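> Dropping the sequence and predicted coords here.
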Amino acid sequence: MSTTIETAVAPSTDYVNAENGNGTGTGGNSCDMNPNRKSKLFLKICDMRTATVALNLLNIIFTVMVAVILTSVYIFQGGPFVGQNVGTVLGGGFTSAGASALGLWSAMNWHIHGITAASVLFAFILIWRLIKLDWIDILITCLLLYPHVVLTMEMKSGILSPQTYSEEEYVAESGRDFVEMAQDYISPQNSLA
């Protein structure tokens, strides 16, 4: 009578595995891997620091692209309100991208005051967009504001810090695949330069 012992294979990345020991996914419940985990998850995809970094980076790229396109359209379109339209687009773009840049830098460097300032800036941006009733922009701003506020609370309470992050870090299996795909895409081996 022989018995075989199965051993779990460690994930290939530093992120916490979203699978439990028998290979059946938990749907993002990280408590199977670390029952002492205290930090909240962003849409069961990743921890709040990872969400803050990723969303800010995407917002900066999106904001710059939209600002360049709209500014170009307004300039080529001409008319009596070109200066006003271009100023509005650039002002809104710089404000949103600036808040994201502050949030990105602060989350990457664990600066609580910067995360708090970015949260306040996104709250003001949300109020402005509520006044203007820009529904898509309201949704995007809420999506950006939520991880900033939660990350601020978790950093202030000590749940997330450089010392605890190795235990609290989490990215779901599909998120890890995306990160690895993006890493392969931007790696120097795949560069055209």
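Perfect, I can see it now.
> State the distance from the nearest residue to R49 once chain neighbours are set aside to N56.
Nearest residue to R49, sequence neighbours excluded (C-beta to C-beta, 6 or more residues apart in numbering): A107, at 5.4 Å. All C-beta spots, glycine's among them, are computed from the backbone N, C-alpha and C. Between A107 and N56 the distance is 7 Å, computed by C-beta to C-beta, to the nearest Å.
> which residues touch I138?
126, 129-130 (C-beta atoms under 8 Å, 6 or more residues apart in numbering).
> Sort out which of those are in strands and list them.
Judged by DSSP state E, strands contain none of the contacts of I138.
> For those residues, point out the one with the lowest pLDDT.
pLDDT across the contacts of I138 is lowest for R129, at 92.
> number of nearby residues for it?
R129 has 20 neighbouring residues, counting by other C-beta atoms under 10 Å.
> so it touches C142, yeah?
No: counting by C-beta atoms under 8 Å, no contact exists between R129 and C142, whose distance comes to 9.3 Å.
> Any idea how far the helix or strand containing A51 is from the middle of the chain?
Element membership of A51, judged by DSSP states H and E, is helix 48-77. Distance of helix 48-77 from the chain centroid (C-alpha atoms, centre = their mean, to the nearest Å) equals 14 Å.
> That one: which residues count as buried?
48-56, 59-60, 63, 67, 70-71, 74 (16 or more other C-beta atoms under 10 Å).
> same deal with stretch 133-145?
In stretch 133-145, counting by 16+ other C-beta under 10 Å, buried: 137-138, 140-141, 143-145.
> that older thread, which members of the contacts of I138 occur in helices, if any?
126, 129-130 (DSSP state H).
> Looking at those residues, which is nearest G92?
R129 (9.3 Å; C-beta to C-beta).
> In contact with that closest one, which residues?
Counting by C-beta under 8 Å, 6+ apart, R129 has contacts 137-138, 141.
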